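# fold the following for me, if possible:
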Amino acid sequence: MKQPVLVVMAAGQESWYDGLKLIDPVDGQGNAIMDFSIYDALKAGFSEIVFIINRENESRFHTKIDQTINRHVKVHYVYQELGDLPEGYSVPDGRKKPWGTGYAVLSCIYELKGAPFAVINADDYYGRHAFSLMYDQLSSRQDDWNKYHYAMVGYRLKNAVTKNGFVSRRICKLDRDSYLKEIDEYPFIKRRGEDIVYTEDGGNEFKKISADSIVSMNFWGFTDSFLDELQLRFFKFLNKDVQESPLEAEYFLPAVVNELIEEGKADVAVLPSSEHWYGGINSVNKVAAADAIREMKESGFYPEKLWI
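You can find the predicted model right below:
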């Protein structure tokens, strides 16, 4: 069995500047959130990283990675490009939005070479235990003759909601064996006092939601069968969704997972994490992430300098 590979989604932003915000530092040594995620991944056993980036950010990413991470782990780059479509298809006039997370992962199809792989966002902090859970899962479970076997790290909603403002979260429904049944997106969730609430009507009415609800923060684990499914279903997306909404349609990874579960072709083991998630692109969230990382350094959990 091939060793698991970590895929880091570091493209996807619509503007060149937003892409570079992914490598903005959160500590005094110039480390971004993804530095800590990759440090934790290496501690868990991952030894190969694939970065999905935009061409326009290539030079800055290479400079950063070559000076730090590339000295400790095997690194590959793939490029998420709007015009990289199957023969016979073209980008709709006026389209600037990236194709989505499903397309981003599909861009790795020739780089992964049959290895199982985990997928994370570059701007999210997931916690070391989460990487250990995922590495062990990918190292021990393979597809069998009648079903694909995938995985997802599940976080408690209370550990994945910011202190200020609304967030969008994908709430997971699990079966009695802790396998994923479906994912539903709740676009307007926030804290209100001791409660967590959501609204479906723009804020006229709020409903409570359990703080222990399991949410997906885009930390997935797949066998290489998922790439075949992504490629096959991408044609359906181009022929249907893009025709109906040429400027806005996106090929989302969780939507493909939902389809495979509904069709009985895959199961997804939900790996429970009690750790806190932190996100870093938003300035308020980045402060929270920086504070948490500083405390972990002071406690000795992280060294003062990650990449020596």
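
# enumerate the positions of the strand or helix carrying Gln137 that are buried.
Per DSSP states H and E, Gln137 falls inside helix 128-140. Applying a neighbour-count criterion of 16 or more other C-beta atoms under 10 Å, one finds 128, 130-135, 137-138 buried in helix 128-140. The C-beta positions use only the backbone N, C-alpha and C, and glycine is treated the same way.

# just send those back as TSV, with distance to Gly30 too.
Output for the buried residues of helix 128-140, formatted as TSV (distance: C-beta to C-beta, whole Å):
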residue	distance to Gly30
Arg128	21
Ala130	24
Phe131	22
Ser132	26
Leu133	29
Met134	27
Tyr135	27
Gln137	32
Leu138	30
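
# may I see those organised as a markdown table, with distance to Asn57 and pLDDT added?
Formatted as a markdown table, the buried residues of helix 128-140 follow (distance: C-beta to C-beta, whole Å; pLDDT from 0 to 100):
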| residue | distance to Asn57 | pLDDT |
| --- | --- | --- |
| Arg128 | 27 | 96 |
| Ala130 | 26 | 97 |
| Phe131 | 24 | 98 |
| Ser132 | 30 | 97 |
| Leu133 | 30 | 97 |
| Met134 | 26 | 98 |
| Tyr135 | 28 | 98 |
| Gln137 | 31 | 97 |
| Leu138 | 28 | 97 |
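
# and these, which two are furthest apart?
Within the buried residues of helix 128-140, two members stand farthest from each other by C-beta to C-beta: Arg128 and Leu138, at 16.0 Å.

# where do the helices sit along the stretch 201-308 of the chain?
Assigned helices in the stretch 201-308 of the chain, in chain order: 225-236, 242-244, 253-262, 283-298 (criterion: DSSP state H, counting those that start in this stretch).

# helices or strands next to the second one in the packing?
The reference is to helix 242-244. Contact partners of helix 242-244 among helices and strands, from 3 or more C-beta pairs under 8 Å, 6 or more residues apart in numbering; DSSP states H and E: none.

# tell me the buried residues in it?
Buried residues in helix 242-244 (16+ other C-beta under 10 Å): Val242.

# identify the residues contacting that helix?
92, 249 (C-beta atoms under 8 Å, 6 or more residues apart in numbering).

# distance from the chain centre to that helix, please.
25 Å (C-alpha atoms, centre = their mean, to the nearest Å).

# same deal with the last one?
A distance of 20 Å separates the C-alpha centroid of helix 283-298 from that of its chain, computed with C-alpha atoms, centre = their mean.

# buried residues, that helix. List them.
285-286, 288-290, 292-293, 297.

# quick one: it to helix 128-140, angle?
Going by axes from the mean of the first three to the mean of the last three C-alpha atoms, to 10 degrees, helix 283-298 is angled at 90 degrees with respect to helix 128-140.

# same for helix 283-298, what does it pack against?
helix 33-44, strand 124-125, strand 278-279.

# so for Thr63, which of these sits nearest?
Nearest of the helices and strands packed on helix 283-298 (C-beta to C-beta): helix 33-44, 13.9 Å.
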